[in-house]
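Trainee: dropping the sequence and predicted coords here.
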Amino acid sequence: MAVMADTTFILLIRHGENEYVANHKLAGRTPGVHLNDRGRAQAEALVKLLEEQPLAAIYSSPLARCVETARPLAAARNLPVIEEPAFLEVDYGDWHGADLRELAKLPEWRKVQHTPSTFRFPNGESLREVQNRAVAGVEMVRQRHPNEVVAVFAHGDVIRTTLAHYLGAPLDLFQRIVVQTASISVLAFHDGAPSILAMNWTATLPKLEIKTDPAAAAHPTDGSAPSGDATAVIATAERR
């Protein structure tokens, strides 16, 4: 009897806009940073954008701007928002609340941009530590949710360092990855093997589907790839 491999989709969603983003400031873990009007509109738009996706669970960084972005989707699906510290924003230490335009004038800024793997934020985390905990969080979610689609709401640098890991790209190149507010990046795990199906997506996603019929997976009728390819579980690939 044929056995279907486990496939898990994880949607990495950056929080919506807030006044720190709008004013080019580094919010980090500053308490009380809430979505602005545009951010709330982005959170509501995600409900429509993801309405066809068979979400089984919703995780979020514990920070307010992430939880607020996740709540409309969670309410629409009658799912709880599971707060997970692994997806918490970078601890930027002494740089919290600073103007990015002023930080860019510091000599340390060159390290952040060109050799981030060697840099630790003053009295804060290193980006290597951020990547390690975020990837560990993704692996935890993957193992907890076989054959399910899961949304994870997190922060720009958390998502970018995670994507760099699964791309097999050196951490020093993670700055080349763009992750806008309320964008979606899609990881697929087929028997644990990762694939990246989308990055920084702000338009309609193809509908994700878990195939449960081994025969149908081996001989798809919808034009998708055989089950050996993680993309086989995308039933409709057109971008509507």
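Mentor: Received, thanks. Numbering: from 1, shown residues only.

Trainee: is it true that I159 touches V179?
Mentor: Yes - proximity of I159 to V179 meets the contact threshold set by C-beta atoms under 8 Å, at 4.9 Å. (C-beta placed from N, C-alpha, C; glycine too.)

Trainee: W109 contacts L103, doesn't it?
Mentor: Yes - W109 is within contact range of L103, at 5.8 Å (criterion: C-beta under 8 Å).

Trainee: stretch 30-42 - what's its average pLDDT?
Mentor: Stretch 30-42 shows a mean pLDDT of 95.

Trainee: D91 and G168, how far apart?
Mentor: 26 Å (C-beta to C-beta, to the nearest Å).

Trainee: oh sorry, the question was meant for R144
Mentor: In terms of C-beta to C-beta, R144 sits 24 Å off from G168.

Trainee: which of those two has more neighbours?
Mentor: R144 (14 against 7; other C-beta atoms under 10 Å).

Trainee: longest helix in the protein, by residue count?
Mentor: Longest helix in the chain, counting residues (DSSP state H): helix 127-144.

Trainee: and that one, what's buried?
Mentor: In terms of neighbour count (16 or more other C-beta atoms under 10 Å), helix 127-144 has its buried residues at L127, V130, Q131, R133, A134, V135, G137, V138, V141, R142.

Trainee: thinking again about what came up before, overlap in contacts of I159 and V179?
Mentor: Counting by C-beta atoms under 8 Å, 6 or more residues apart in numbering, the common neighbours of I159 and V179 are R14, S185.

Trainee: looking at the two, which is more packed in?
Mentor: Ranked by neighbour count (other C-beta under 10 Å), I159 and V179 place I159 first, with 26 against 21.

Trainee: report the inter-axis angle for the strand or helix carrying that one versus helix 127-144.
Mentor: Taking DSSP states H and E as the definition, one finds I159 inside helix 156-167. When axes from the mean of the first three to the mean of the last three C-alpha atoms, to 10 degrees is applied, the directions of helix 156-167 and helix 127-144 differ by 70 degrees.

Trainee: what's the helix or strand following the longest helix of the chain packed up against?
Mentor: Later in the chain than helix 127-144, the nearest helix or strand by DSSP H and E is strand 149-154. Under the contact definition 3 or more C-beta pairs under 8 Å, 6 or more residues apart in numbering; DSSP states H and E, strand 149-154 sits against strand 7-14, strand 55-60, helix 64-77, helix 127-144.

Trainee: recalculate using a threshold of 7 Å.
Mentor: Under the contact criterion of 3 or more C-beta pairs under 7 Å, 6 or more residues apart in numbering; DSSP states H and E, strand 149-154 touches strand 7-14, strand 55-60, helix 64-77.
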